[in-house]
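Colleague: Predicted model, plus sequence, below.
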Amino acid sequence: EVRLAESGGGLVHAGGSLRLSCVASGDRFDGLGWFRQAPGKQREGIACIRSDGRRDYSDSVKGRFSISTNSGKATTYLQMNNLKLEDTAVYYCNAEDGLGYFIGPFGRGTQVTVSS
């Protein structure tokens, strides 16, 4: 089983920035991704980075958020710039198996609140 631990959330004004971190451990995985769930909405995938360095972003965050990993590729970061009110959500990370499937159980996530 893959274990995931997110951190770095908080309260920020619109237009501000935050950097989230997630440490993955346990079973083997290929890539890492970030998801978020806003109140009353379904969880959505927003960014993914694969072992070969390819990155994908949802249209809602493209150009504002950036995903990266450390040299060991077991920690992923989500740099969030120009935050908007609609970015308010609980943010989660998960591990991808190389075939497009996310395999870890979702953890508690980290809350990001953007205020006006």
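Modeller: Structure's in. What do you need?

Colleague: Give the closest residue to Gln111 in space, chain neighbours not counted.
Modeller: Gly9 (4.7 Å; Cβ to Cβ, 6 or more residues apart in numbering). Yep, even glycine has a C-beta here, placed from its N, CA and C like the rest.

Colleague: Check the burial of the one you found by counting its neighbours.
Modeller: Residues contacting Gly9 under the criterion other Cβ atoms under 10 Å number 18.

Colleague: Then Tyr57?
Modeller: The burial count for Tyr57: 18, using other Cβ under 10 Å.

Colleague: partner residues bridging the closest residue to it other than its chain neighbours?
Modeller: Distances taken as Cβ to Cβ, 6+ apart place Ala47 nearest to Tyr57, at 5.2 Å, with adjacent residues excluded. Ala47 forms beta bridges with Trp34, Tyr57, as assigned by DSSP bridges.

Colleague: can you give me the strands for the protein?
Modeller: 2-7, 10-13, 18-26, 31-37, 44-49, 55-57, 65-69, 75-80, 89-96, 110-115 (DSSP state E).

Colleague: closest to Gly104 out of these?
Modeller: strand 2-7 (3.6 Å; Cβ to Cβ).

Colleague: show me what contacts the residue nearest the centre of the chain?
Modeller: Residue closest to the mean C-alpha point of the chain, counted by Cα atoms, centre = their mean, is Trp34 at 2.4 Å. Going by Cβ atoms under 8 Å, 6 or more residues apart in numbering, Trp34 touches 20, 22, 45-48, 65, 67, 76, 78, 91-93.

Colleague: how close does it get to Ser116?
Modeller: 24 Å (Cβ to Cβ, to the nearest Å).
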